[in-house]
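Enquirer: Please work out how this folds:
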Amino acid sequence: MAPRRYGKAVKRNRFRRRLKEIFRLSPETPPADIVITVYKPYEELGFALLQRTVRWGLDKIRRCQPPAGSTGQAAQVPAAPPQEDR
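Expert: Sure, this is the predicted structure:
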């Protein structure tokens, strides 16, 4: 659910539909609840950049989880999400 400060319902719903499509197309989604917080004006984000950013976040989540049956440390993950192509 997005608060009203993110725009009118039409914009919020379009963004939500885009995210749902990205998750539908993702080959692996972690078995957990995921909260996405948007800091940039999301209507400026193209679908491709949004998709790369969400996949980067999902990769980060997946790599930070230790493998099943393992007690070792999780792998180090880059801290920066993908940037826009210029």
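Enquirer: Who are the contact partners of residue 53?
Expert: 45, 81-82 (Cβ atoms under 8 Å, 6 or more residues apart in numbering). Bear in mind the C-beta positions are built from the backbone N, C-alpha and C, glycine included.
Enquirer: among these, which ones are buried?
Expert: Listed as buried from the contacts of residue 53 are residue 45; burial here means 16 or more other Cβ atoms under 10 Å.
Enquirer: Turn the contacts of residue 53 into a markdown table, columns for pLDDT and distance to residue 39.
Expert: As requested, those are exported to a markdown table (pLDDT from 0 to 100; distance: Cβ to Cβ, whole Å):
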| residue | pLDDT | distance to residue 39 |
| --- | --- | --- |
| 45 | 79 | 11 |
| 81 | 70 | 11 |
| 82 | 70 | 15 |
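Enquirer: So the residue nearest to the spatial centre of the chain, which state does it fall into?
Expert: Nearest to the mean C-alpha position of the chain, counting by Cα atoms, centre = their mean, stands residue 54 at 2.7 Å. Per DSSP: H, G, I helix; E, B strand; the rest coil, the local secondary structure of residue 54 is helix.
Enquirer: Quick check: it touching residue 21?
Expert: No: here residue 54 does not reach residue 21: they are 10.2 Å apart, not a contact under Cβ atoms under 8 Å.
Enquirer: From the contacts of residue 53, which land in strands?
Expert: In strands, judged by DSSP state E, none of the contacts of residue 53 are found.
Enquirer: Figure out the helix or strand that residue 23 lives in.
Expert: Secondary structure from DSSP states H and E places residue 23 in helix 9-25.
Enquirer: What residues does the residue nearest to residue 54 when sequence neighbours are not counted make contact with?
Expert: Using Cβ to Cβ, 6 or more residues apart in numbering and skipping the chain neighbours, the partner closest in space to residue 54 is residue 22 (4.9 Å). With contact taken as Cβ under 8 Å, 6+ apart, residue 22 is in contact with 50-51, 54-55.
Enquirer: returning to what we had before: list the buried ones in the helix holding residue 23?
Expert: For helix 9-25, by 16+ other Cβ under 10 Å, it's 12, 15, 18-19, 22.
Enquirer: Stretch 47-58 now?
Expert: 49-55, 58.
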